[in-house]
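In: Any chance you could fold what I've pasted below:
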Amino acid sequence: MAKYILSRLLEAVVAVFGLVTLIFLVSRLLGDPVSLLLPQGASAGDLQAMREQLGLQRPLPEQYLRFLGQALSGDFGQSFFYQHSAMRIVLERMPATLLLAALSALFGIIGGCLAGMIAARYRNSFWEFLVLTCAMLGQATPAFWLAIMMILLFSVDLGWLPTGGTGSPLHLVLPTAVMSIFVAANISRLFRSSLLDVMSEDYVRTAQAKGLSPRVIMTWHMARNAMLPVVTLSGLLVGEMLGGSVVVETIFSWPGVGRLIVEAVANRDFPLIQAGVMVVSCLYLLVSLAVDLLYSLLDPRVRQTR
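Out: Residues are numbered from 1 along each chain as shown. Model (predicted):
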């Protein structure tokens, strides 16, 4: 087990190093931020002085080594736009993103598992057709379109919920619903398929021969063994929501890291982009590592293949 954990940690370290390099290169492709920081009509001398102040006049390899040293120490410098520590600004926005991702994952996983169980329990029936149809629609519908439609229906037409922002639990309803629908759609199809695979196992037939009710067999025998692939997919979806909630946070004006990164890209705020992407990506790697280790605990055969 210790060898398996060590190998996964080494893979995570290599992934973080490659990520740091990619963040640096991509951020430099956005253009020169000095033109956005200074007013129009600034002289060439002012532009050059600002570049020297920000360290942008140095050769690219030197900038990379400096950035690498800062990244290892967790210091990404000051935000060009906010004039505060970039890492501090990201960490201040992180609780909002974590709250939205956690609620979306919770409702999405529970709803998806229940829907998948219903589809497997009532196979070849109207309920299975309904679950699969809703799941396909949930996977195929773009998040931005669904978010706009929900705002028009529940906020503009009915006036039940706020259109965006934060301040009360009602502000969480629409963005959580949009993200949890996508999660539930993916989980329901996978859980249904996994349940159908274990239906032919010997322990299921033994439970049926003992006279156990279909509900008990489905809940305590089949569902527990069919959860392994769901655990893996759930971890990937949670990690995706941490970094992929950009569209939802932007549409609903949710003050999370995703929206912050979009604003940083528009302002060419290199330190803020680098800090935001780095934190979100490291969280994604941690979630993936935790799920991988949990999977190895649930299924020892995974450790034996290492």
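In: Scan this protein for its longest helix.
Out: Across the chain, the longest stretch assigned as helix under DSSP state H is helix 86-121.
In: With only the CA atoms kept, save the next helix or strand after that helix in CSV.
Out: Scanning forward in sequence from helix 86-121 by DSSP states H and E, the next helix or strand is helix 126-140. What follows is helix 126-140, C-alpha atoms only, in CSV (Å, rounded to 0.1, in the frame of the first residue of the first chain):
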residue,chain,number,x,y,z
PHE,A,126,-41.4,3.7,-18.9
TRP,A,127,-39.3,4.7,-15.8
GLU,A,128,-36.0,3.5,-17.5
PHE,A,129,-36.9,5.4,-20.7
LEU,A,130,-37.6,8.5,-18.7
VAL,A,131,-34.4,8.4,-16.7
LEU,A,132,-32.2,7.7,-19.8
THR,A,133,-34.0,10.5,-21.8
CYS,A,134,-33.4,13.0,-19.0
ALA,A,135,-29.8,11.9,-18.6
MET,A,136,-29.0,12.3,-22.3
LEU,A,137,-30.7,15.7,-22.3
GLY,A,138,-28.7,16.7,-19.2
GLN,A,139,-25.4,15.7,-20.8
ALA,A,140,-26.2,17.3,-24.1
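In: got a list of contacts for helix 126-140?
Out: 115-116, 118-120, 122, 181-182, 184-186, 188-189, 192 (Cβ atoms under 8 Å, 6 or more residues apart in numbering). Every C-beta, even on glycine, is put in place using the N, C-alpha and C of the backbone.
In: what comes up buried for that helix?
Out: 128, 131, 132, 134, 135, 138 (16 or more other Cβ atoms under 10 Å).
In: How about residues contacting the next helix or strand after that helix?
Out: Where DSSP H and E defines the elements, the next helix or strand beyond helix 126-140 is helix 143-150. In this structure, residues lying in contact with helix 143-150 by Cβ under 8 Å, 6+ apart are 174, 175, 177, 178, 179, 181, 182, 247, 248, 251, 252.
In: out of these, which are inside strands?
Out: Of the contacts of helix 143-150, none are assigned to strands by DSSP state E.
In: Include distance to residue 106, pLDDT and neighbour count when you put those residues into TSV, please.
Out: Output for the contacts of helix 143-150, formatted as TSV (distance: Cβ to Cβ, whole Å; pLDDT from 0 to 100; neighbours: other Cβ atoms under 10 Å):
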residue	distance to residue 106	pLDDT	neighbour count
174	16	91	25
175	14	91	25
177	13	92	19
178	15	91	25
179	11	90	28
181	13	91	23
182	14	88	23
247	20	83	18
248	16	87	26
251	21	89	21
252	18	89	27
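In: Quick check: which ranges of the protein have low pLDDT?
Out: 1-2, 4-5, 27, 30-44, 46-48, 50-51, 53-57, 243-244, 295-306 (pLDDT under 70).
In: Can you give me the domain boundaries for it?
Out: Following automatic domain parsing, one gets these domains for the chain: 2-37+44-69, 94-267.
In: ok, residue 285 - contacts?
Out: 12, 15, 16, 239.
In: What of residue 274?
Out: Counted by Cβ under 8 Å, 6+ apart, residue 274 has contacts 23, 24, 27, 67, 71, 76, 86.
In: any idea how far residue 294 is from residue 227?
Out: Noted for residue 294: a distance of 11 Å to residue 227, by Cβ to Cβ, to the nearest Å.
In: What of residue 93?
Out: From residue 93 to residue 227 the distance is 33 Å (Cβ to Cβ).
In: Which one of those two is surrounded by more residues?
Out: residue 93 (20 against 16; other Cβ atoms under 10 Å).
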